[in-house]
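Visitor: got a sequence here, can you build the structure:
(2 chains)
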Amino acid sequence: MNRIDQTFSKLKREGRKGLVGYLTAGDPNLAASERNIRAAIDAGLDVLELGVPFSDPTADGPTIQEAAQRALAAGTTLADVLGMVSRLRRDYADIPIVLFGYANPFYRYGFDRIAEDAARAGADGLLVVDMPFEESEELRAPLVKHGLCFILLVAPTTPPGRAAAILAGAQGFVYYIMVTGVTGARESVVSDLAAQIGALRQVTGLPIAVGFGVSNGAQARDAATTADAVVVGSALVRAAHEGRAGAFVRELRDGLSGRSPAA
Amino acid sequence: MSHQPDASGHFGTFGGRYVGETLMPALIELERAYRDAMADPAFVQEFRDCLRDYVGRPSPLYLARRLTEHFGGARIYLKREDLNHTGAHKINNTVGQGLLARRMGKHRLMAETGAGQHGVATATVAALLGMECLVYMGEEDIRRQAPNVKRMKLLNARVVPVTSGTRTLKDAMSEALRAWTAEVRTTFYVIGTVAGPHPYPIMVRDFQSVIGTEARAQVLEHVGRLPDAVVACVGGGSNAAGIFSGFLDDVAVQLVGVEAGGHGLATGEHAASIHAGQIGILHGCRSYVLQSASGQIQNAHSISAGLDYPGVGPQHAYWAQTGRATYCAVTDDEAMDAFHLLTQLEGIIPALESAHAICEAGRRAQALGKGGVVVACLSGRGDKDLDSVLAMER
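Guide: Predicted coordinates:
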């Protein structure tokens, strides 16, 4: 059983909702971002989405765009990100690490090579925002060969039949994009989320993580009511940029478990 | 060789659909609506009528006698897309996509633009069809293409300045894709070139293929035979794809795409994606892309805002790979010389984009010698570039 499946099984046993945190590797530089990531894990992340910076992140709002720019300005490459995964894996045996990025850096690195090297570094999966399942076979085959999950996304615009087709061979968990738009903090969480998650449960038995727009503990709790986990990206990137990644993760954790924020 | 992509938009290994899941259903719907429209004689007739009565087609094929004399070789014919309404070939495509948007029940158009020609052409069609229009344009391009910005505003379009990255076409397209992701249910995204996710490359080529269809018939009428070479500039490559389309099965006709050589290929400051790029994935398709060793997209450079793009349409990548078309580069300085040459010898002020094709047409004419025939696509007029040209020479 891979770490993603183990983690979601454990969450279920314990009756907890999962917290998936996204941070851009190399923002503002490799060493500082590793410190922030360790702080976030220590504060209670269940799954780490490690962002591979890309120059033209067309699915991201300003916060993650700027984080990617800072990471690239510091010279961060995919090879550096893999190095960070290896170091994190030495100290954190159990947390699933999913590389989260855009197709081109992986393509340029080589799909076979990234599958092999990511597995060797200790990653558990890849999520490629601009690679719909129709285009994914040439990456998915080597990932499967090396025991990694290819995480798929479903959007509010995805019709039910298409969701079923996407999820037919899916692994790990489903990333449900809650809002029609790019990443970034939103004022409130969508109202008919329960119905959307319900529809998704009809076509998949995989755990469902919801993301895009969650920026505080209360929103995290609302979003996770019917889902298995909630993903926090832009708000965590901003918190890390302000040097409070750990504190923010604790706030999200408290929100998820229904505790009011620590006074 | 097939000139059509496979069912999911691949030309060989190029093309495809590399976008976030949020946009995928819209692209699938667009492809279906597009196929449906093209199979409907009423739609095709309306498109043709609009090209004739509104755009002013057919555009002439003009024998540039003094330009021909100057180079002393093959006869040079110019396909006068500069004489279209709004002054460039871009309107052919926006008329097609605008009519398609209306057929799909959309009332809001959005577009990215570099030189502003596509933005103006989209804003024009939005006015014609009574639709709302949003145009994403890099701040740097807003500065260097000021007359087009004014035209778009007069046409009631909202010009959204893009301040990320190099503030040129690449970033305008990234921002337009982001905006479309949020507005995909209500808004029709009018892509201006033969790049982007399927079905845009083939749809834009089809709407622009009128250039090649006319040019082929016109050259046969003028000369009594097919040309030796057809030359067009390539940024994303829509005017080139349009004119090449007419000659794809005429294997003796050389198809020549001209990329922007900027300060010279050796300097690294250029926009020659086929020449100096590697295969990559940008803005929804796989093609040649200017990129670093770690897969980050690099900045393009060209004097011409319309060619200032680090990618190229996937079918051009395929034609380059299969050898059906060849691609060369013309530098900023060479394009500028051609700009003045055409202005002074023929009384035609070309767009800086088109000046790249004029330069290469001259070289081909010399190489072919007397008796040869070259057709160059004069994709747009140069009024929009006067400020840039004058500033450069000051």
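Visitor: need the residues of the stretch 1-150 of chain B near chain A, please.
Guide: Taking Cβ under 8 Å from any Cβ of the partner chain as the criterion, the stretch 1-150 of chain B approaches chain A at residues B:8, B:16, B:17, B:18, B:19, B:20, B:21, B:22, B:23, B:24, B:25, B:26. Using the backbone N, CA and C atoms, a C-beta is placed for each residue, glycine as well.
Visitor: can you select the buried ones from the residues you listed in ChimeraX?
Guide: Buried members of those, identified by 16 or more other Cβ atoms under 10 Å in any protein chain shown, are gathered into one ChimeraX selection as follows:
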select /B:16,17,18,19,20,21,22,23,24,25,26
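Visitor: ok, which pair from the residues of the stretch 1-150 of chain B next to chain A is furthest apart?
Guide: Within these, two members stand farthest from each other by Cβ to Cβ: B:8 and B:22, at 18.2 Å.
Visitor: for the longest helix seen in chain B, packing partners?
Guide: As far as residue count goes, and with DSSP state H defining each element, the longest helix of chain B is helix B:200-223. The helices and strands touching helix B:200-223, judged by 3 or more Cβ pairs under 8 Å, 6 or more residues apart in numbering or on different chains; DSSP states H and E, are helix B:24-38, strand B:61-63, strand B:75-80, helix B:90-103, helix B:238-245, helix B:314-322, strand B:373-378.
Visitor: quick one: it to chain centroid distance?
Guide: Shown here is helix B:200-223, whose average C-alpha point lies 13 Å from the average C-alpha point of the whole chain (Cα atoms, centre = their mean, to the nearest Å).
Visitor: quick one: strands adjacent to whichever helix or strand comes after it?
Guide: Once the chain leaves helix B:200-223, the next helix or strand it forms, by DSSP states H and E, is strand B:229-234. Note on strand B:229-234: by DSSP bridges, its sheet partners are strand B:254-262 (parallel), strand B:373-378 (parallel).
Visitor: just the CA trace of the first one, in PDB.
Guide: Taking C-alpha atoms only, strand B:254-262 is exported to PDB below (Å, rounded to 0.1, in the frame of the first residue of the first chain):
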ATOM      1  CA  GLN B 254       8.100  25.800 -51.600                       C
ATOM      2  CA  LEU B 255       6.400  27.000 -48.500                       C
ATOM      3  CA  VAL B 256       8.600  29.400 -46.500                       C
ATOM      4  CA  GLY B 257       7.900  30.600 -43.000                       C
ATOM      5  CA  VAL B 258       9.800  33.600 -41.700                       C
ATOM      6  CA  GLU B 259      10.500  33.700 -38.000                       C
ATOM      7  CA  ALA B 260      11.600  36.800 -36.100                       C
ATOM      8  CA  GLY B 261      15.400  36.800 -35.800                       C
ATOM      9  CA  GLY B 262      15.400  39.800 -33.400                       C
END
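Visitor: and the next helix-or-strand element following it, is it in reach of chain A?
Guide: Proceeding C-terminally, strand B:254-262 gives way to helix B:273-276 as the next helix or strand, assigned by DSSP H and E. No: when contact is scored as Cβ under 8 Å from any Cβ, no part of helix B:273-276 falls within range of chain A; the minimum is 13.3 Å.
Visitor: what about helix B:273-276, average pLDDT?
Guide: What helix B:273-276 shows for mean pLDDT is 96.
Visitor: do the same with stretch A:80-100
Guide: Computed over stretch A:80-100, the mean pLDDT rounds to 98.
Visitor: okay, buried residues for that stretch please.
Guide: Those would be A:80-82, A:84-85, A:88-89, A:92, A:95-100, for stretch A:80-100 by 16+ other Cβ under 10 Å.
Visitor: how distant is that stretch from the center of its chain?
Guide: 13 Å.
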